[in-house]
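Participant: sequence unknown, structure follows:
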């Protein structure tokens, strides 16, 4: 692992990182319970968020041999799903789930076969998702503030997490203040912030005939 916190014995392994992973589970459940609009799209979104949290808890906690796979699959799927939701909005039509399922399978498979290729494979999915979101941001002015807030949370979380990696300037393996844990919490907040954007679609403009 490259997330600084010392790994101890017992179920929780890295207790701070494992416990803060529950933020994704809570947010996922909140999405499923609190957002009744959006139909199946929001249900899938909430389920992927919750599954990301479960995978992260197992990865940072008991950490069985298959925990890396359980960690990566829902996380990559969530990123791909957000990108496809943005692309669906831009295209003005619903895209097949295969658009986010297949990239997830390919990226995770490549990551499992060649660990060195993990950053490139999963980074490619993230890059495509970011590209689709940028286009959505440009095309949907009313969504910009919400998307910008989510991006700000992710950026701050990623910066803290990067500086806190093992050997990094903010890394203190024995501290209860773990940068990777801050990443968990801020990323979960970003996911929650983005929820109103998920499943939103550009409405068609109807021309109403003028009375003569």
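Facilitator: Looks like it came in fine. None of these values were measured; they are calculated from a predicted model.
Participant: What number of residues are in the vicinity of residue 193?
Facilitator: 19 (other Cβ atoms under 10 Å). No exception for glycine: its C-beta is placed from N, CA and C like everyone else's.
Participant: Spatially nearest residue to it (excluding sequence neighbours)?
Facilitator: residue 150 (4.4 Å; Cβ to Cβ, 6 or more residues apart in numbering).
Participant: cool, and residue 57?
Facilitator: Closest residue to residue 57 apart from its sequence neighbours, by Cβ to Cβ, 6+ apart: residue 21 at 4.5 Å.
Participant: Pull the number of nearby residues for that neighbour.
Facilitator: So residue 21, with other Cβ under 10 Å, has 26 neighbours.
Participant: and what of the one 4 residues further on?
Facilitator: Applying the criterion other Cβ under 10 Å, we find 18 residues in the vicinity of residue 25.
Participant: Which of the residues in the helix or strand harbouring it are classified as buried?
Facilitator: Using DSSP states H and E, residue 25 sits in helix 22-34. Across helix 22-34, burial judged by 16 or more other Cβ atoms under 10 Å covers 22-25, 27-28, 30-32.
Participant: so where is this structure shaky, pLDDT-wise?
Facilitator: When residues are selected by pLDDT under 70, those of the chain lie in 36-38, 203-212.
Participant: For it, which segments count as helices?
Facilitator: 15-20, 22-34, 39-60, 67-91, 98-113, 118-139, 144-163, 179-194 (DSSP state H).
Participant: Tell me which of those lies nearest to residue 169.
Facilitator: Residue 169 lies closest to helix 144-163 among the helices of the chain, at 5.7 Å (Cβ to Cβ).
Participant: Run the chain-centre distance for that closest one.
Facilitator: 12 Å (Cα atoms, centre = their mean, to the nearest Å).
Participant: Return the list of helices and strands in contact with that helix.
Facilitator: Packed against helix 144-163 by the contact rule (3 or more Cβ pairs under 8 Å, 6 or more residues apart in numbering; DSSP states H and E) you find helix 118-139, helix 179-194.
Participant: Save those helices as a markdown table, and put in distance to residue 156 too.
Facilitator: Below are these laid out as a markdown table (distance: least, Cβ to Cβ, whole Å):
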| stretch | distance to residue 156 |
| --- | --- |
| helix 118-139 | 16 |
| helix 179-194 | 6 |
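Participant: Quick one, which of the ones you listed gets closest to residue 97.
Facilitator: Across the helices and strands packed on helix 144-163, residue 97 has its closest neighbour in helix 118-139 (14.9 Å, Cβ to Cβ).
Participant: Right, I'll call it a day here.
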